[in-house]
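Enquirer: next one to model:
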Amino acid sequence: MKMPLALLLSPLLLLLLLFLSALPSSQMSSSPPPSYDSDLQALLAFKHSLSLDPYNSLLDWSPRHSFCNWTGILCSSRHQRVLSLNLTGMSLLGPISPFLGNLSFLTVLALKNNSFQGRIPPQLGRLSRLRILRLSFNQLEGSIPTTLTSCRSLQVLILSYNLLSNTIPSQLSLLLQLETLYLGGNQFTGTISPFLGNLSSLIKLGLEKNRFHGSIPIQLSMLTQLKQPYLWGNNLTGTIPPFLGNLSSLTDLELSNNKLHGTIPPFLGNLSSLIDLELANNKLHGNIPIELGMLT
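Expert: A predicted model of the protein is given here:
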C-alpha cells in the first residue's frame, strides 16, 4: 500500500526548515535590503550628475565600499540609512540631483559653498524627516519650490547668496518649526510677505540684499522669539515701525541701505538685549534719541 506523498515529504520539509533556522542570517541572504539599495542608487545618481569634482572629494564614493563610510555621509546605526549628507565647501559643479529626494531618512542636507547650478529640485519635498537644509553660496536659480512645505520638520532653511528670484511662496508659513530662515543675497522681489508672522518659532530671519519694497509688515510683531532680523540692502520704505520696540529678544536689528524715512524712534531704547543696530544709508533725520544711550 502506497503512502500519501504529503506524508513522505513532511519529514523532509521539517528537517529542511530546522536546518535553515540554524543558519546565520548572513548566510541566508547576502544582499542588502531594498531600502539600502535605494539610498545607494540615489547617492550614485547624485555623483554621476556632477560635471566637476576638482579635488576628487567623492573619490571614495564607490559601490565597493559601504556608503556609510563615504565622505560627507552619516548613517543611522540601526537601519544603515543616510541621515546626513554634508558636502560643504568642496567646489562641486553641476545640478542638484532630484534623486536626493529618495533619501527618505535624511535629516541634514548641507551643500553650501559649492557651484551647484539650476533649480532646487522639487523632489526634496519628499524628505519628511529633513530638519536642516543648507544650500547657500551656490548658483541656484528660479523660485523656491513650494514642495518644500511638505518638509514639516524643517528647523533651518538657508538658501542665501544664490540667484533665486520671484517672490517668497506664502506656503512657507506651514513650516511652523522653522527657527532659521536665510534668503539674503538673492533677487527676490515684491513686499516682505505678512505670512512670515506665522512662523512663531523663528529666531533668525535673513532677507538682506534682495529687491524687496514697501514697508516692514506689522505681522512681524508676532515673532516674539525673533533675535536677528537682517533686512538691509533692499528698497524698504516707510518709517521704523513701533512694534519693533516690543520685540524684547532682539540682539541685532539691521535696516541699513533702504529708503526708510522719519526720525530714529526712542522706543528702540526698550530693546535691552540689543547689541547691533544698523540704520545707515536711509532717509532718516533728526537727533539720536537719548534712550539709545541707555543700551549697554
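
Enquirer: make it CA atoms for all contacts and neighbour counts henceforth
Expert: Will do.

Enquirer: could you list the low-pLDDT ranges of the stretch 1-150 of the chain?
Expert: Filtered on pLDDT under 70, the stretch 1-150 of the chain yields the residue ranges 1-34.

Enquirer: where along it do the strands fall?
Expert: 73-75, 82-86, 93-95, 108-110, 115-118, 132-134, 139-142 (DSSP state E, counting those that start in this stretch).

Enquirer: can you give me the offset of the third one from its chain's centre?
Expert: In other words, strand 93-95. How far strand 93-95 lies from its chain's middle: 18 Å, per C-alpha atoms, centre = their mean, to the nearest Å.

Enquirer: again, but for the second one
Expert: Distance of strand 82-86 from the chain centroid (C-alpha atoms, centre = their mean) equals 13 Å.

Enquirer: quick one: list the elements packing against it.
Expert: On a contact count with 3 or more C-alpha pairs under 8 Å, 6 or more residues apart in numbering; DSSP states H and E, strand 82-86 meets strand 73-75, strand 108-110.

Enquirer: what pairs with that strand, parallel or antiparallel?
Expert: strand 73-75 (antiparallel), strand 108-110 (parallel) (DSSP bridges).

Enquirer: over to the last one?
Expert: With DSSP bridges as the criterion, the sheet partners recorded for strand 139-142 are strand 115-118 (parallel), strand 163-166 (parallel).

Enquirer: possible to save those as JSON lines with mean neighbour count?
Expert: Listed next are the strands paired with strand 139-142 as JSON lines, based on neighbours: other C-alpha atoms under 10 Å:
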{"stretch": "strand 115-118", "mean neighbour count": "20"}
{"stretch": "strand 163-166", "mean neighbour count": "19"}
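
Enquirer: can you redo those as JSON lines with distance to residue 124?
Expert: Shown next, in JSON lines, are the strands paired with strand 139-142 (distance: least, C-alpha to C-alpha, whole Å):
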{"stretch": "strand 115-118", "distance to residue 124": "14"}
{"stretch": "strand 163-166", "distance to residue 124": "16"}
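
Enquirer: quick revisit: so of the helices and strands packed on strand 82-86, which one's packed in deepest?
Expert: Of the helices and strands packed on strand 82-86, the one with the most neighbours on average (mean count of other C-alpha atoms under 10 Å) is strand 108-110, at a mean of 21.

Enquirer: next one: that strand to chain centre, how far?
Expert: On C-alpha atoms, centre = their mean, the centre of strand 108-110 falls 7 Å from the chain's centre.

Enquirer: same thing with stretch 84-102?
Expert: Counting by C-alpha atoms, centre = their mean, stretch 84-102 comes out at 13 Å from the chain centroid.
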